[in-house]
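Chemist: pasting a predicted model and its sequence here:
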Amino acid sequence: MKKDAIIYREATLDDVLDLIELEKEVWGEKMLAEEEKWKTRIKVFSEGVYLAEHKQKIIGVVVCMIVDWIYPKDYYPDWFEVSDNGFITNHSMDGEVLYGVDMTVLPKAMNIASVLLKRVFYLREKYHKAGGMLGSRIPSLASYVKNNNIKIVNEELVSTVARLDPTVNFFMQGRMRWVGPKKDYYPPDEESLGWGLILEHFE
């Protein structure tokens with residue numbers, strides 16, 4: 001293995017403080033997961049916390065879980081509901097859906113994002129889950145609304161912006177398909193005005 005090769009592996013409890021630093025660097029204080037949350041994720045489903053490391057620095061991580069899809073038809077939960085506030089203690093190996101909880105990658109290392117996403121698909125196939133889902137950020141939304149002096153933000157507007165958003169298009173190119181916008185999916189995400197775009201994984 002080359003000295004400067006990127007290493008992909010499951011996270012361990014020894015990585016927790018470095019994972020917090022990664023999120024702080026990418027998201028700032030408002031959107032990072034605290035220490036107990038990372039510890040719980042790793043203890044509950046270590047296979048679902050997969051990271052990329054370069055020269056002993058964590059440069060990216062993806063978090064996923066398996067859930068019982070107990071929701072009514074055409075209802076999609078927000079991030080807090082589906083992930084038990086990010087602790088994923090509602091993870092169940094017998095659940096029907098592999099759900100993407102988080103992806104954090106340093107801006108200069110975005111080429112690894114597709115590798116991390118493939119980990120989610122791999123786990124769905126490994127455990128023969130009927131569905132795969134996630135809620136994508138729409139980080140261009142707030143600036144679009146501000147720049148165009150828009151007063152009312154509704155599903156139609158969000159859909160228009162989302163179709164041009166680089167983050168959404170990254171997931172759409174990665175074997176995901178459009179379900180629709182979700183208001184208040186993750187309110188701390190100010191760039192997305194709290195909105196998320198629900199996406200399904202297709203085989």
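Modeler: Sure thing, it's come through.

Chemist: contacts and neighbour counts: CA atoms only from here.
Modeler: OK.

Chemist: how much space separates the residue most central in space within the chain from residue 18?
Modeler: In the chain, the residue lying closest to the centroid (C-alpha atoms, centre = their mean) is residue 102, at 2.8 Å. Using C-alpha to C-alpha, to the nearest Å, one obtains 16 Å as the distance from residue 102 to residue 18.

Chemist: element containing the residue nearest to the centre of the chain, please.
Modeler: Assigned by DSSP states H and E, residue 102 falls within strand 97-105.

Chemist: check residue 120 too.
Modeler: Assigned by DSSP H and E, residue 120 falls within helix 113-126.

Chemist: C-terminal to that helix, what's the next element?
Modeler: Using DSSP H and E, the helix or strand that follows helix 113-126 in sequence is strand 131-136.

Chemist: isn't the residue nearest to the centre of the chain right up against residue 62?
Modeler: Yes. Taking C-alpha atoms under 8 Å as the definition, residue 102 is a contact partner of residue 62 at 5.6 Å.

Chemist: residue 197 - how many residues pack around it?
Modeler: The tally of other residues near residue 197 (other C-alpha atoms under 10 Å) stands at 22.

Chemist: check residue 104 too.
Modeler: When neighbours are counted by other C-alpha under 10 Å, residue 104 registers 21.

Chemist: quickly note the distance from it to residue 113.
Modeler: From residue 104 across to residue 113, the span is 8 Å (C-alpha to C-alpha).

Chemist: find residues that contact each of the two.
Modeler: residue 60 (C-alpha atoms under 8 Å, 6 or more residues apart in numbering).

Chemist: contact partners of the helix holding residue 120?
Modeler: For helix 113-126, contacts defined as C-alpha under 8 Å, 6+ apart pick out 48, 50-52, 60-62, 64, 97-98, 100, 103, 105, 131-132, 174, 201.

Chemist: and with 6 Å instead?
Modeler: 62, 98 (C-alpha atoms under 6 Å, 6 or more residues apart in numbering).

Chemist: angle of that helix against strand 97-105?
Modeler: Counting by axes from the mean of the first three to the mean of the last three C-alpha atoms, to 10 degrees, helix 113-126 lies at 160 degrees to strand 97-105.

Chemist: wait, isn't residue 133 in contact with residue 200?
Modeler: Yes. Contact criterion C-alpha atoms under 6 Å: residue 133 and residue 200 qualify, at 4.5 Å.
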